[in-house]
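# Got a sequence here, can you build the structure:
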Amino acid sequence: MKSNKRQLILAFETSCDETSVAVIADGHEILSNIIATQIKSHQRFGGVVPEVASRHHVEQILHCTELALAEAQVTYADLTAVAVTYGPGLVGSLLIGISAAKALAYAHQLPLLPINHLAGHIYAAQLVKPLHYPFMALVVSGGHTELVLVSAPNQFELLGETRDDAAGEAYDKIGRVLGINYPAGKEVDRLAHLGNDTFKFPRAMIDEDNLYFSFSGLKSAFINRVHHASQIGETLSREDLAASFQASVGEVLVNKTLRALSAHPVDQLVIAGGVAANQGLREMMRANLHNNFPQVELIIPPLRLCGDNAAMIGAAAQVYLATGAPAADLSLNADPSLDLVRY
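Take a look at the predicted model:
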């Protein structure tokens, strides 16, 4: 491994529909974080089309790499390692990033670090401030809703997860009913701040003595209410619908998180993933932590680091490197169903 004053990691993230390449110094300094979004390509389909996503990654990956190195003002000779997301995610998309990372690691004789996408979301908080073990993480995104206890570097204990839809997935599904283009989360959040919780949608599993989630029933209740109103000619407030939906999601997420903090005392709580950008969730979590666990520090990455990005993969790679975990060889393959426990 090359000896540098700083450890510089070239990181790739292509797990879904964002092509991203970053250069991270010492696990916490972002020298570059290039993101090529595909949102407009997928909007007409109402969601991500895997084959379309893969083709876009092929078109963008080398250009993003060149931009990342140029913006960081480094060359391959300066790098310590190459890191890449190998799961979970869309298998075709993952393979594009893995293939690029393998080729560059081999060509420049650099260690290849295999990184879990969910660990990346969690360690995005490391780009905000130092993390102290143990800490708690609530991972909320389009594909995942999980409560995780991080007891030591790269030591994850899954405390609870969704039994069906992820929170972000539910946002996109009810967004379509409201006529909102994919991705719907930002607009639903905006509408929610203009409305009131008048519909009192169900808070699934909120009273159960566990840390698991369920959002399928909430989604169905929302859709049924809107369809019923359409059948009888009733006009419903889009703002109140959004506010009622968001109140249900937020209350369940906050309630379960507070329960986890009671059972597993920590000094820091990280909110990670795309839904961490939701202002309503941020406000509810901040207020409830202040009232119930004022000693717990809430860490939420800035909006640009909540969605999928390579900077978070670089941050997680530094932790991986520091633990002495082995580098991957050229047989590294995508693992679309990878979880944190097996990482």
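# Counting by contacts, list what the helix or strand where A83 lies packs against.
Under the criterion of DSSP states H and E, A83 resides in strand 81-87. Using 3 or more C-beta pairs under 8 Å, 6 or more residues apart in numbering; DSSP states H and E as the contact criterion, the neighbours of strand 81-87 among helices and strands are strand 8-13, helix 91-107, strand 112-116, helix 117-123, helix 310-322. Placement of C-beta: from N, CA and C, glycine included.
# Sheet partners, orientation included, of it?
strand 8-13 (parallel), strand 112-116 (parallel) (DSSP bridges).
# Now mean neighbour count, distance to H57 and mean pLDDT too, for these, in JSON lines please.
Listed next are those as JSON lines, based on neighbours: other C-beta atoms under 10 Å; distance: least, C-beta to C-beta, whole Å; pLDDT from 0 to 100:
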{"stretch": "strand 8-13", "mean neighbour count": "30", "distance to H57": "10", "mean pLDDT": "98"}
{"stretch": "strand 112-116", "mean neighbour count": "25", "distance to H57": "17", "mean pLDDT": "98"}
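# Distance to I223 added to the helices and strands packed on strand 81-87, as CSV?
Putting the helices and strands packed on strand 81-87 into CSV (distance: least, C-beta to C-beta, whole Å) gives the following:
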stretch, distance to I223
strand 8-13, 33
helix 91-107, 29
strand 112-116, 33
helix 117-123, 28
helix 310-322, 33
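# So which of these is nearest T198?
Nearest to T198, of all the helices and strands packed on strand 81-87, is helix 117-123, at 33.2 Å by C-beta to C-beta.
# circling back to that earlier point, what's the angle from the strand holding A83 to helix 91-107?
160 degrees (axes from the mean of the first three to the mean of the last three C-alpha atoms, to 10 degrees).
# S32 sits in which helix or strand?
Using DSSP H and E, S32 falls in strand 29-37.
# ok, that strand: who's next to it in the sheet?
strand 18-25 (antiparallel).
# Just checking the distance from the strand holding S32 to the centre of its chain.
With C-alpha atoms, centre = their mean, to the nearest Å as the basis, strand 29-37 stands 16 Å off its chain's centre.
# nearest to N292, of the helices and strands packed on strand 81-87?
Minimum separation from N292 across those (C-beta to C-beta) falls at helix 117-123, 22.3 Å.
# Alpha carbons of the helix or strand just after that closest one, as PDB, please.
With elements assigned by DSSP H and E, the helix or strand that comes after helix 117-123 is strand 135-140. As requested, C-alpha coordinates have been extracted for strand 135-140 and formatted as PDB (Å, rounded to 0.1, in the frame of the first residue of the first chain):
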ATOM      1  CA  PHE A 135     -23.900   5.000  18.400                       C
ATOM      2  CA  MET A 136     -27.400   4.400  17.000                       C
ATOM      3  CA  ALA A 137     -28.400   4.800  13.300                       C
ATOM      4  CA  LEU A 138     -31.900   5.000  11.800                       C
ATOM      5  CA  VAL A 139     -31.500   4.200   8.100                       C
ATOM      6  CA  VAL A 140     -34.500   5.500   6.000                       C
END
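# Please enumerate residues in contact with strand 135-140?
Residues lying outside strand 135-140 but in contact with it, judged by C-beta atoms under 8 Å, 6 or more residues apart in numbering, are 118, 121-122, 125, 145-150, 166-168, 253, 257, 260-261, 264, 266-276, 281.
# Now, of the residues you listed, which are buried?
Neighbour counting over the contacts of strand 135-140 (16 or more other C-beta atoms under 10 Å) leaves 118, 121-122, 125, 145-150, 166-168, 253, 257, 260-261, 264, 266, 268-276, 281 as the buried ones.
# Now intersect the residues you listed with the helices, please.
Using DSSP state H, 118, 121-122, 167-168, 253, 257, 260-261, 281 are the members of the buried ones among the contacts of strand 135-140 that sit in helices.
# Count the neighbours of the residue lying closest to Q73 once chain neighbours are set aside for me.
The shortest distance from Q73 to any non-neighbouring residue, by C-beta to C-beta, 6 or more residues apart in numbering, is to L31 (7.6 Å). Residue crowding around L31 was assessed by other C-beta atoms under 10 Å; the count is 20.
# tell me the pLDDT at L31?
Looking at L31, its pLDDT stands at 98.
# Isn't it up against D78?
No: applying C-beta atoms under 8 Å as the test, L31 and D78 come out as separate, 10.2 Å apart.
# Between the two, which contacts overlap?
Counting by C-beta under 8 Å, 6+ apart, the common neighbours of L31 and D78 are L8.
# hang on, the earlier thing: let me see the contact set for the residue nearest to Q73.
In this structure, L31 makes contact with 8, 22-25, 71-74, judged by C-beta under 8 Å, 6+ apart.
# By neighbour count, which of those wins?
Neighbour-wise, the contacts of L31 (other C-beta under 10 Å) top out at I24, 31 neighbours.
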